[in-house]
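J.: coordinates only, no sequence provided:
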């Protein structure tokens, strides 16, 4: 099983649609703030 | 994460949930639970694959968190659901 990317690794860019209707690209969020991503299995799950 | 949102905001950290569900499904979930953060839709698992957050035996997500610094590098990563105090330690590195 793969392991999470290690600290010091460049974070892969992404462009994803948000629940608020906006489009979010990692490169646009930086460097104004740090970013915290939580990948989770599904809504209404305990994961 | 909902209960720890203030800790993230005070540290200039923008939190996002990422999941394959469609944006309209996420919008309903955010409204129903009054989540104070945005959920991002990753229907093709592109981000999940890039961040090694997919299951190895079927198409799915294994809970994985990442703190990304303002310089674009990973500061902290982990499987599971570590609390904000643990995650934010990554800012001190």
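T.: Arrived safely, thanks for sending. Values in this document were obtained by computation on a predicted structure and should not be read as measured data.

J.: surely residue A:39 and residue B:51 touch.
T.: Yes - between residue A:39 and residue B:51 there is a contact at 6.4 Å, judged by C-beta atoms under 8 Å. In short, each C-beta sits where N, CA and C put it, glycine included.

J.: mutual contacts of those two, please.
T.: Common contacts of residue A:39 and residue B:51 (C-beta atoms under 8 Å, 6 or more residues apart in numbering or on different chains): B:64, B:66.

J.: give me the helices and strands touching the least confident helix or strand in chain B by mean pLDDT, please.
T.: For chain B, the helix or strand with the lowest mean confidence is helix B:23-33, at a mean of 88 (criterion: mean pLDDT, DSSP states H and E). Packed against helix B:23-33 by the contact rule (3 or more C-beta pairs under 8 Å, 6 or more residues apart in numbering or on different chains; DSSP states H and E) you find strand A:15-18, strand B:38-41.

J.: return the most buried member of those.
T.: Compared across the helices and strands packed on helix B:23-33, strand B:38-41 shows the largest average neighbour count, a mean of 23 (mean count of other C-beta atoms under 10 Å in any protein chain shown).

J.: quick one: mean pLDDT for it?
T.: For strand B:38-41, mean pLDDT is 96.

J.: anything in that strand near chain A?
T.: Yes - contact between strand B:38-41 and chain A, assessed by C-beta under 8 Å from any C-beta of the partner chain, occurs at B:38-41.

J.: what residues does chain A have near chain B?
T.: Contact residues, chain A versus chain B (C-beta under 8 Å from any C-beta): A:1-12, A:14, A:16-22, A:24, A:26-27, A:29-44, A:47.

J.: now, these that are in helices?
T.: Taking DSSP state H, the ones among the residues of chain A next to chain B that sit in helices are A:26-27, A:29.

J.: could you dump those to a markdown table with distance to residue B:25?
T.: Converted to a markdown table, these look like this (distance: C-beta to C-beta, whole Å):
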| residue | distance to residue B:25 |
| --- | --- |
| A:26 | 22 |
| A:27 | 26 |
| A:29 | 22 |
